[in-house]
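Engineer: What follows is a predicted structure for the sequence shown.
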Amino acid sequence: MPDFQEAGLELKTFPIKHLKDKRLVAKERVSLGMIDYGTMATEEWAHSSFLKKNSFLLLLAYLYQKGITDYFDYIFNLAELWRFSEEDLKIMKDDWLKIREKVKAGKAHEISEGDTLYLGAVTKSATGNSRTSQPFNRIPAKPRALCLKQQYMNLVVDKILGLRKLDVENAVKSVESYEKGETFEEFIIRKFKPYFGMSLEKLGTMFAVGSSAKNFAATITRRILGVRKNKIEEFEKAGITTKTIRLDIHGNPEEAISFPRMHFKELALEDWDDSTLREMLAKRFFLVIYQKQKNGTYKLAKVKFWSMPEEVLDDKVRKVWESTKKSIVKGDFSKLVKSSDDMVSHVRPHGRNSKDKDILPNGKRETKRCFWLNRDFIRDSML
DNA sequence: GCATGATCATGC
DNA sequence: GCATGATCATGC
């Protein structure tokens, strides 16, 4: 039952914060109630406990300020009555079904927050180690809650503030754009199909985009979807990251995948669970895959949505991150993780050139670096 | 052929 | 002027 029963209204307070560029964003995801795996397995979306409780929200946002934990000291500066649009509900329903399918298949222990777009199944555990039962498997699963992801909440904040209408545009114009039974991701892939087999050059000419542009994939993606503005609203709200992968003639990835450069001093202060790296890799990815042909050109081979399993993220990637953090704290870069260490991810330079450096906690300077996903991992787990 | 180091092209 | 995504270059 919602908080205000007769009004059918659920109260949600959540923190917002200012970025360095003054933009106001949600500080974190907004939780919408624990998942009961047993109940969810038997529910239908239209009559789900989730919808009953969360269809109509009173959103109250307060400014997060470090150190202020007393509710009476919170400064609330946004208040809004919120109903989800038909288009958003369609994606949320697909998310919900995806989570329910894992539960029904006895795979509640394999749920990842990155599997879904707007609604996430976020782990909720005081110690990090608690487990709960699931109906169709004896393997215990992490307790999870349904949440609105942070990126989704950012757009909500922008909408409340009246911003953002200018530079985002929906890829799906209305729910009628879907074919029957189709999910958002299937819709996107269907839109790409007519372009499979076309060369980079041809796509560049068709859409008047220089193929040497580093944001080529992102631009082509927008053009194929008929989005003229800078950003695809659904991709923004779902926090989807677009990445290009080039395959050689045999179908092996030609390069590792890079991420934004790390800030040494900031990383040294982070914990894994809310680290910048974990946040980046827990997202859903849209992969645009080109393959080299005998004549040397690259053809659009396929596109797919992908997310990293949490067990990989919180095991191997975490180890790489911990090891890197140690190197940074010690100020000794002689033992950075290499791709030959076979740990899913590795660390390599990523700056303007080798003189482009960042400062370490001990005051020393080192060439800027970033985390990369290994080619072997891309080949074995992403394609 | 692969790992690793280095740097380019563009956008903001 | 720098961040970012991507690709080039070199050496084993």
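Structural biologist: Yes, it's here. All values reported here derive from a predicted model rather than from experimental measurement.
Engineer: Could you list everything A:Leu287 pairs with in the sheet?
Structural biologist: A:Lys243, A:Lys304 (DSSP bridges).
Engineer: For whichever residue of the stretch 251-383 of chain A sits closest to DNA strand C, which non-adjacent residue is spatially closest?
Structural biologist: Residue nearest to DNA strand C within the stretch 251-383 of chain A (Cβ to the nearest atom of the strand): A:Pro260, separated by 3.2 Å. Every residue, glycine included, has its C-beta placed from N, CA and C. Excluding the flanking residues, the one nearest A:Pro260 by Cβ to Cβ, 6 or more residues apart in numbering is A:Cys370, at 6.2 Å.
Engineer: Ok, A:Ser174 next?
Structural biologist: Among residues not flanking A:Ser174 along the chain, A:Glu87 sits closest, at 6.9 Å (Cβ to Cβ, 6+ apart).
Engineer: got the contact list for the one you found?
Structural biologist: By Cβ atoms under 8 Å, 6 or more residues apart in numbering, the contact list for A:Glu87 reads A:170, A:172, A:174-175.
Engineer: hmm, try it at 10 Å
Structural biologist: A:Glu87 sits next to A:170-175, A:177-178, A:184, A:233-234 when contact means Cβ atoms under 10 Å, 6 or more residues apart in numbering.
Engineer: still on that earlier bit, return the distance of the residue nearest to A:Pro260 relative to A:Thr276.
Structural biologist: Applying Cβ to Cβ, to the nearest Å, the value for A:Cys370 to A:Thr276 is 11 Å.
Engineer: and for these two, which residues touch both?
Structural biologist: With Cβ under 10 Å, 6+ apart as the test, A:Cys370 and A:Thr276 both reach A:259-260, A:262.
Engineer: what's the closest of the residues you listed to A:Leu383?
Structural biologist: A:Phe259 (18.6 Å; Cβ to Cβ).
Engineer: which residues touch that closest one?
Structural biologist: Counting by Cβ under 10 Å, 6+ apart, A:Phe259 touches A:241, A:243, A:276-277, A:280-281, A:345, A:350, A:370-373.
Engineer: go again using 8 Å as the cut-off
Structural biologist: A:Phe259 makes contacts with A:277, A:280, A:370-372, as judged by Cβ under 8 Å, 6+ apart.
Engineer: Please apply the same query to A:Ile75.
Structural biologist: Contact partners of A:Ile75, counting by Cβ under 8 Å, 6+ apart, are A:62-63, A:65.
Engineer: of all the residues you listed, which comes closest to A:Tyr298?
Structural biologist: Closest approach to A:Tyr298 among those (Cβ to Cβ): A:Leu63, at 47.9 Å.
Engineer: Reformat the shared contacts of A:Cys370 and A:Thr276 as JSON lines; add secondary structure.
Structural biologist: Below are these laid out as JSON lines (DSSP: H, G, I helix; E, B strand; the rest coil):
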{"residue": "A:Phe259", "secondary structure": "coil"}
{"residue": "A:Pro260", "secondary structure": "coil"}
{"residue": "A:Met262", "secondary structure": "coil"}
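Engineer: Same list (those) but as TSV, adding pLDDT.
Structural biologist: Below are the shared contacts of A:Cys370 and A:Thr276 laid out as TSV (pLDDT from 0 to 100):
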residue	pLDDT
A:Phe259	95
A:Pro260	94
A:Met262	95
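Engineer: Looking at the stretch 201-350 of chain A, what residue ends up closest to DNA strand B?
Structural biologist: For the stretch 201-350 of chain A, Cβ to the nearest atom of the strand, closest residue to DNA strand B: A:Lys338, 2.9 Å.
Engineer: and the gap between the residue nearest to A:Ser174 and DNA strand C?
Structural biologist: Relative to DNA strand C, A:Glu87 is positioned 25 Å away (Cβ to the nearest atom of the strand, to the nearest Å).
Engineer: how far away is that residue from A:Leu117?
Structural biologist: Counting by Cβ to Cβ, the gap from A:Glu87 to A:Leu117 is 12 Å.
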